[in-house]
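Asker: Predicted coordinates and the sequence they were generated for:
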Amino acid sequence: MIRIIEGVDRELHPELMDEMFRMRAAVFAGRLGWDVTVKDGREADRFDAEDPLYLFSLNEETEEMQGAVRLLPTTGPYMLRDVFSLLVPDGAPESPLIWESSRFAVNPSILTSGERAEANHIVNRTTIELLCGIVEVCQKAGVEHIVSVFDARMARIFRSADCPFDIIGTPTRIGKTMTYAGLFDMTNDMRRRLGSVGGLPYAVLATHRSQPTGTA
């Protein structure tokens, strides 16, 4: 299931937020070796101070965190425009109908627990559940597109999940990998495609949680 927490409410969920920041450190600094700031075992950046919307993929039985992603409106500070502007030399999108997805992460502890085949299944399902959650949140908020910065690894994951995207700007090698800015349609067709691949035809948002009102 997907649980939503708005940035303004983060202090009401200290344990979940702390677990997410620790997971992000393990993924982005530990596994991927990105140049990110880690303090006291937690990864956070200046965009976490912009009251983003957080989506958490939680195990329905144990509520263990399986993954998370962050959404920000493109009408304020966001990563593509303010950090990766070289990818969009003609300018980054800015619209209330476009949000940015960033810090998409699946909990690496999944890969170290149980049988590898089962672990890979959970990773794939978590990835698609988060993608489905993004579409559902955007549709509830009236958002038509998601923009995101991603590397070649994530591009392969999107393609395997039947999650189409349009490259915007100019793909550029950053560090050791090609990096892209992509635009994703938040349509019913996108939701059906993801649900078909992931076996998730039903809504993934936790219905007993508060839903977004249109702002992040």
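Answerer: Here it is on my side, so go on.

Asker: Let me know the secondary structure of the residue nearest to residue 108 when sequence neighbours are not counted.
Answerer: Distances taken as CB to CB, 6 or more residues apart in numbering place residue 26 nearest to residue 108, at 5.2 Å, with adjacent residues excluded. The C-beta positions use only the backbone N, C-alpha and C, and glycine is treated the same way. Following DSSP: H, G, I helix; E, B strand; the rest coil, residue 26 is assigned to helix.

Asker: likewise residue 71?
Answerer: strand.

Asker: what's it in contact with, if anything?
Answerer: For residue 71, the contact set (CB atoms under 8 Å, 6 or more residues apart in numbering) comprises 52-55, 99-102, 134, 137, 146, 216.

Asker: The same query, at a cut-off of 7 Å, please.
Answerer: 52-53, 99-101, 137, 216 (CB atoms under 7 Å, 6 or more residues apart in numbering).

Asker: Now the two most distant members of these.
Answerer: 100 and 137 (12.9 Å; CB to CB).

Asker: Poorly predicted segments of the protein, please.
Answerer: Applying pLDDT under 70 to the chain flags residues 111-116, 208-216.

Asker: Now, the contacts of residue 71 that are in strands?
Answerer: With DSSP state E as the criterion, strands contain 53, 99-101 from among the contacts of residue 71.

Asker: Most neighbours of all those, which one?
Answerer: residue 99 (29 neighbours; other CB atoms under 10 Å).

Asker: Just confirm that residue contacts residue 76, I think it does.
Answerer: No: counting by CB atoms under 7 Å, residue 99 stays clear of residue 76, with 10.5 Å between them.

Asker: From residue 109, how far off is the residue nearest to residue 108?
Answerer: 8 Å (CB to CB, to the nearest Å).

Asker: Pick out whichever of the two has more residues nearby.
Answerer: More crowded of residue 26 and residue 109, by other CB under 10 Å: residue 26, with 19 against 13.

Asker: Next, the buried residues of stretch 28-44.
Answerer: Buried positions in stretch 28-44, judged by neighbour count with 16 or more other CB atoms under 10 Å: 28-29, 38, 42-44.

Asker: could you check the distance from residue 180 over to residue 31?
Answerer: Distance from residue 180 to residue 31, counting by CB to CB: 20 Å.

Asker: and the lengthiest helix in the chain, what does it pack onto?
Answerer: For the chain, the helix with the greatest residue count under DSSP state H is helix 116-141. In terms of contacts (3 or more CB pairs under 7 Å, 6 or more residues apart in numbering; DSSP states H and E), helix 116-141 is packed against strand 2-6, strand 53-58, strand 65-73, strand 98-106, helix 188-198.
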